[in-house]
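Engineer: based on what follows, work out the 3D shape:
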Amino acid sequence: MTAHPVSRRFFVTGLGLFVTGIIAFPIYWLIVTSLRAPADLQNTPSLLPVHIDASAYVALLHQPELLHYLVNSAFYGICTTVLTVALGASAAYALARLELRGKTITLFGLLVLQTFPSIMLAIPLFVMFSRLHLIDSRMSVVVAITTKTLPFAILMLRPYFMTLPKDLENAAAVDGCGRISTLVRVILPLSLPGIATVAAFNFLSGWGDLLFSLTLLTDESKKPISLGLYKFMGVYGTDWNQLMAASVAAALPALLVFAASQRFLISGLAAGSTNE
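Structural biologist: Numbers count the residues shown, from 1 in each chain. Model (predicted):
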């Protein structure tokens, strides 16, 4: 006997809500812990805070270094996004439209590079930047993050570019546009969902980077928020209220970026993952 459509719908909906609840629970616990009174943290934790206390957020406003951490993270996120989109779009367009030797090997190499764990790149990059005297440089962190985000950008944008009709490029060539001009004026505006998808993921990678910043930076004024959170973890104890409040502040910009680009993400991911 087949299951009733209504029963199946309720089952799928209930299963979806259950999985969503499991995924969202750490975020809920993060926010709830940041709103607990310091005295409540010493007691047995409950799902709801006994007393709402926003003193952790008020304390963050009196820590100007937190703003520097957030600005640094924004710098790494924005610069990584701009650099990756510029290089990734150019490379993806070339792989999508030009007849290049070794194209298959190049694509396979990009796929392999995407699977490399960041720790395998951290030490070679540290040695390279050390010899170039670029340790403690913000741009060294941006370049290091780009080594991880660039393969993803190329593999996402190439199939998206391949869905665009070549007649558009032929018409642009008749009007006197070269390859670069065609890419900038015709291809990129029509590929906004794919560009937005790549930009959102790249911004998140730059914003939340920990490994490369930890490896390449020693100057406290250049560290991102991912390293700044360690300020609340002392040798003799952890200020859980402020740590969770700072974590909420660190996660909020990334959530806003994804919320703003949500309508592009679904179409961009679908186009980048299903077209060949």
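
Engineer: contacts only, for residue 149.
Structural biologist: 80, 84, 88, 201-202, 205-206 (C-beta atoms under 8 Å, 6 or more residues apart in numbering). Where C-beta positions appear, they are placed from N, C-alpha and C, glycine not excepted.

Engineer: cool, and residue 186?
Structural biologist: Contact analysis of residue 186 by C-beta under 8 Å, 6+ apart lists 168-169, 172, 177.

Engineer: go with 6 Å
Structural biologist: 168, 172 (C-beta atoms under 6 Å, 6 or more residues apart in numbering).

Engineer: follow-up on the earlier one: among the contacts of residue 149, which pair sits farthest apart?
Structural biologist: Maximum pairwise distance in these, criterion C-beta to C-beta, is 13.6 Å, between 88 and 206.

Engineer: so how far is residue 61 from the most centrally placed residue in the chain?
Structural biologist: The centroid of the chain falls nearest to residue 204 when counting by C-alpha atoms, centre = their mean (2.0 Å). Residue 204 is 25 Å from residue 61, where distance means C-beta to C-beta, to the nearest Å.

Engineer: ok, and for the helix ranked longest in the chain, which residues are buried?
Structural biologist: The single longest helix within the chain, with elements called by DSSP state H, is helix 64-97. By neighbour count on 16 or more other C-beta atoms under 10 Å, the buried set for helix 64-97 is 66, 68-70, 72-85, 88-97.

Engineer: domain ranges for this structure, per the record?
Structural biologist: 1-53, 63-274 (automatic domain parsing).

Engineer: and the gap between residue 52 and residue 32?
Structural biologist: Residue 52 is 10 Å from residue 32, by C-beta to C-beta.

Engineer: tell me which of the two has more neighbours.
Structural biologist: residue 32 (16 against 10; other C-beta atoms under 10 Å).

Engineer: tell me which helix or strand the more buried one sits in.
Structural biologist: Here residue 32, judged by DSSP states H and E, is contained in helix 5-34.

Engineer: tell me the helices and strands packed up against that helix.
Structural biologist: Using 3 or more C-beta pairs under 6 Å, 6 or more residues apart in numbering; DSSP states H and E as the contact definition, the elements that helix 5-34 packs against are helix 240-260.

Engineer: now the helix it packs on: average pLDDT?
Structural biologist: Helix 240-260 shows a mean pLDDT of 82.

Engineer: chain center to it, what's the gap?
Structural biologist: From the chain centre to the centre of helix 240-260 is a distance of 13 Å (C-alpha atoms, centre = their mean, to the nearest Å).

Engineer: repeat for stretch 72-91
Structural biologist: On C-alpha atoms, centre = their mean, the centre of stretch 72-91 falls 11 Å from that of its chain.

Engineer: which residues touch it?
Structural biologist: 141-142, 145-146, 149-150, 153-154, 157, 199, 202-203, 206-207, 224-225.

Engineer: do you know the pLDDT at residue 265?
Structural biologist: 61.

Engineer: that older thread, including distance to residue 136 and pLDDT, could the contacts of residue 149 go into JSON lines?
Structural biologist: Shown next, in JSON lines, are the contacts of residue 149 (distance: C-beta to C-beta, whole Å; pLDDT from 0 to 100):
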{"residue": "80", "distance to residue 136": "18", "pLDDT": "95"}
{"residue": "84", "distance to residue 136": "22", "pLDDT": "95"}
{"residue": "88", "distance to residue 136": "27", "pLDDT": "93"}
{"residue": "201", "distance to residue 136": "27", "pLDDT": "87"}
{"residue": "202", "distance to residue 136": "23", "pLDDT": "91"}
{"residue": "205", "distance to residue 136": "21", "pLDDT": "90"}
{"residue": "206", "distance to residue 136": "18", "pLDDT": "91"}
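
Engineer: report all helices and strands that the helix or strand where residue 121 lies contacts.
Structural biologist: Assigned by DSSP H and E, residue 121 falls within helix 118-131. Applying 3+ C-beta pairs under 6 Å, 6+ apart, one finds that helix 118-131 contacts helix 138-162, helix 211-216.

Engineer: okay if I get the ones you listed as a markdown table plus distance to residue 251?
Structural biologist: A markdown table is the format used below for those (distance: least, C-beta to C-beta, whole Å):
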| stretch | distance to residue 251 |
| --- | --- |
| helix 138-162 | 18 |
| helix 211-216 | 17 |
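
Engineer: so which of these is nearest residue 40?
Structural biologist: helix 211-216 (32.5 Å).
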